[in-house]
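>>> coords below, sequence missing:
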């Protein structure tokens, strides 16, 4: 006769049933898998595994321990009679009802989340952009509800698309179709915040987005993997360009004491021509010719770091970085020279969930509370070096060479939140590893966005290069 189950054992059964209910998912952490094994061993020790087995074992004739019959005789299966069939069916039904009741009880229980679940939910890596394009796309201020809704749906479709081997095409197709419906039916609202001089650019971005969404819809319907992969990137890029045209300026105000400093009220692009001091350290072959000089394009973001970005763009415009040195280290490429007589620029870091930047103090990232809206933990991020007073240097900047293998908590750099990041290398990133220990900036120029620079400074004197004359003239 079976004994009654104690309250403690019933809880164990409920817990193990929930584990079986979620067995096919992939969300168990190492700690949860360890607890599941411990729970199973505890149940087996109590002799209760039969209560939660998916099906009853065949009925076996058990001989007394003192029996002298052979092993084959003791384990012979007894033919099931009609009464035994009925009894087995009733037992199976009882077990099924017990399992269903256990699952229902477990689902209705209000349990505190496990510590490892809390750690996973607050893990900064879940909000960290995967590349420079994603970082710049998320950094654009959302001033229009319609394009923000489209962005959320496209980001969700892109996330689902990365699920290996089992893409939910129906859900992805629904996100794409709803995005295109918003784009077509809310056209007037979408173009509402666009300035007249940005209208043509916004119209072009709108057309590219519509075309990409149409192709995406067909790719999702036919489950065309390659086309969907290409068009989801194109649609997100076009949407980001449209959102930039919708954002006429900064959504927040600059502190009064920094109003006289140069600031960038939008996006700008800068090109930097780089050459190694040793001509033998070239950048590879292009059409059979040795490439001794490369051009890096930096997208400068003033939406999240207006003072820092404005200072950098103004330096480029004034010629501060012409013939300036580039010093390579293990983790960064340091550009320009620090002017000890120049006043520092306030350290400026904006958290991803904050409305405005934080000034003159670093951001606490390692606690998992927040990450910068334009994070350092992406290869090719560009930030200002720190001055002696702990603020940002007025001239010296660096390009960060991020390596995930040496990252800290959640894939974040240990230096995250310590420097004022203002942009990313968006073209020429493949040449960063070829820049030698001693290199120089041949020239630097602003190719777009100079009209968004406020409080421009006067032209600077040309910096004397650190290299010998023969290297400088090469």
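Nice, thanks for sending it over. Please read these numbers as outputs of a predicted model, since none were measured by experiment. Residues are numbered from 1 along each chain as shown.

>>> Okay, buried residues for stretch 402-412 please.
Neighbour-count burial for stretch 402-412 flags 402, 407, 410, 412 (criterion: 16 or more other CB atoms under 10 Å). In short, each C-beta sits where N, CA and C put it, glycine included.

>>> swap in stretch 262-275?
262-272, 274-275.

>>> Sort out for me which of those residues are in strands.
Under the assignment DSSP state E, these contribute 263, 264, 267, 268, 269, 270, 271, 272, 274, 275 to strands.

>>> my read is residue 206 is in a strand, agree?
No: judged by DSSP: H, G, I helix; E, B strand; the rest coil, residue 206 forms no part of a strand; its state is helix.

>>> check contacts around it.
183, 187, 190, 191, 238, 242 (CB atoms under 8 Å, 6 or more residues apart in numbering).

>>> In terms of pLDDT, where does it sit?
Residue 206 carries a pLDDT score of 95 in this model.

>>> ditto for the one 4 residues further on
Predicted confidence (pLDDT) for residue 210: 95.

>>> In this structure it contacts residue 183, no?
Yes: Residue 210 is in contact with residue 183 according to CB atoms under 8 Å; the separation is 6.0 Å.

>>> more crowded one of those two?
Just comparing residue 210 and residue 183: by other CB atoms under 10 Å the higher neighbour count belongs to residue 183, 21 against 16.

>>> Specify the local secondary structure of that one.
helix.

>>> Please tell me how far it sits from residue 137.
17 Å (CB to CB, to the nearest Å).

>>> try residue 190
17 Å.

>>> Tell me which of those two has more neighbours.
Set residue 190 next to residue 137 and count neighbours by other CB under 10 Å: residue 190 wins out with 23 against 20.

>>> okay, the more buried one: pLDDT?
Taking residue 190 on its own, its pLDDT is 94.

>>> Tell me who's in contact with it.
Contacts of residue 190 (CB under 8 Å, 6+ apart): 144, 146, 147, 183, 206, 242, 246.

>>> Now that we have the residues you listed, which of them are buried?
Listed as buried from these are 144, 146, 147, 183, 206, 242, 246; burial here means 16+ other CB under 10 Å.

>>> low-scoring stretches of this protein, by residue?
1-34, 36-37, 40-127, 279, 368-369, 409, 457-474 (pLDDT under 70).

>>> Now do the SS call for residue 382.
strand.

>>> Helix, strand or coil: sort out the closest residue to it other than its chain neighbours for me.
Closest residue in space to residue 382, ignoring its immediate chain neighbours: residue 423 at 4.7 Å, by CB to CB, 6 or more residues apart in numbering. Going by three-state DSSP, the secondary structure assigned to residue 423 is strand.

>>> What is the nearest of the ones in strands among the buried residues of stretch 262-275 to residue 390?
residue 263 (21.0 Å; CB to CB).

>>> hey, what's that closest one bridged with?
residue 454 (DSSP bridges).

>>> check contacts around it.
254, 302, 306, 307, 309, 310, 453, 454, 455.

>>> Is it possible to get CSV of these that adds neighbour count and distance to residue 355?
Output for the contacts of residue 263, formatted as CSV (neighbours: other CB atoms under 10 Å; distance: CB to CB, whole Å):
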residue, neighbour count, distance to residue 355
254, 20, 13
302, 26, 16
306, 28, 13
307, 26, 16
309, 32, 18
310, 28, 19
453, 23, 23
454, 17, 20
455, 14, 23
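
>>> Helix, strand, or coil at the nearest residue to residue 270 once chain neighbours are set aside?
Closest residue to residue 270 apart from its sequence neighbours, by CB to CB, 6+ apart: residue 298 at 4.7 Å. With three-state DSSP as the basis, residue 298 sits in strand.

>>> From the contacts of residue 190, which land in helices?
If you go by DSSP state H, the contacts of residue 190 have 146, 147, 183, 206, 242, 246 in helices.

>>> Next one: the last one relative to residue 147, how far apart?
Look at residue 246 and residue 147: by CB to CB, they are 7 Å apart.

>>> do the fourth one as well
Distance check for residue 206 against residue 147: by CB to CB, it reads 10 Å.

>>> ok, now residue 240?
According to CB to CB, residue 240 stands 10 Å off from residue 147.

>>> Pairing-wise in the sheet, spell out the partners of residue 372.
Residues in a beta bridge with residue 372, per DSSP bridges, are residue 351.

>>> okay but it is in contact with residue 417, surely?
Yes: the pair residue 372 / residue 417 is scored as a contact, 6.1 Å apart, by CB under 8 Å.

>>> anything in contact with each of these two?
In contact with both residue 372 and residue 417: 349, 363, 365, using CB under 8 Å, 6+ apart.

>>> and the second one, how many neighbours?
This means residue 363. Here the number of neighbours of residue 363 (other CB under 10 Å) works out to 21.

>>> and it, what element?
Using DSSP states H and E, residue 363 sits in no helix or strand.

>>> Show me what the helix or strand where residue 179 lies is packed against.
Using DSSP H and E, residue 179 sits in helix 169-185. Here helix 169-185 touches helix 145-161, helix 199-222, going by 3 or more CB pairs under 8 Å, 6 or more residues apart in numbering; DSSP states H and E.

>>> Enumerate the positions of the helix or strand just after it that are buried.
Later in the chain than helix 169-185, the nearest helix or strand by DSSP H and E is helix 187-190. By neighbour count on 16+ other CB under 10 Å, the buried set for helix 187-190 is residue 190.

>>> Ok, stretch 322-335 next?
322, 323, 324, 325, 326, 327, 328, 332, 333, 334, 335.
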